[in-house]
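Undergrad: I'll drop the sequence and a predicted model, then ask my questions.
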Amino acid sequence: FDPTNWSVSLTEGGFINFTGDEGRLLKAVSFLGYVYVFREYGILRVVADGDQQNFSVDNLYGMHGKIYGDSVTLCGDFIVMVTSLGIYTFNGLNAVKILSEYDELLNCVSNEDCKGCYDGAKLYLSLNMNIDGQIEKVILVYDLKKKSSYIAKGLNVSDLTFFGGSVNKTLCVLNSGAKTLYF
């Protein structure tokens, strides 16, 4: 448990090589007592408790569409991710498509730079969408309890996050084009 020790041995540090053709490693998320590794075209579950000789990697899900790494957002008891085929939830075993009403707006649009964050009630995704033939940067707001959503336009969002306490969180949006930070 020494984060500065990178010596490889059975009594010190180690490593896991990920094989397969699911693409680059994008993001690792601690979820449900496991580490889930999101790759460009798949999701792996790493079991890493106890002796490192017993560590294992399970290839859980192969995607036909590309996963956008910064969109991978922990939302309580599931994870949301944006892919080239749409928006999906992942419960630790299965990925299910959600918000299909936005598929046409996401079709043929790259979202390599999309971001996601969650405040305990709503999911915020900064996305590129094809609106009336124009690629626009928007924030898709999805209320998970009400199962309702809307799009906020007009900001060139380069990043978004929450700050503040566990109850009173404030959404912070960085508009890189205008060099402005919005709250």
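TA: Yep, it's here.
Undergrad: What is the least confident helix or strand in the protein?
TA: Least confident element among the helices and strands of the chain, by mean pLDDT, DSSP states H and E: strand 180-182 (a mean of 62).
Undergrad: The residue lying closest to L74 once chain neighbours are set aside pairs with what?
TA: Spatial nearest neighbour of L74, chain neighbours left out: V29 (5.9 Å); criterion: C-beta to C-beta, 6 or more residues apart in numbering. Just so you know, the C-beta spots here come from the backbone N, C-alpha and C atoms, and that holds for glycine as well. Counting by DSSP bridges, V29 forms beta bridges with Y36.
Undergrad: swap in I135?
TA: I135 has these beta-bridge partners by DSSP bridges: N130.
Undergrad: quick one, what contacts the residue nearest in space to the middle of the chain?
TA: In the chain, the centroid-proximal residue (C-alpha atoms, centre = their mean) is V72; its distance is 0.5 Å. By C-beta atoms under 8 Å, 6 or more residues apart in numbering, the contact set of V72 is L26, K27, V29, F38, I79, V80, M81, G116.
Undergrad: Would you point out the most distant pair within those?
TA: L26 and V80 (14.2 Å; C-beta to C-beta).
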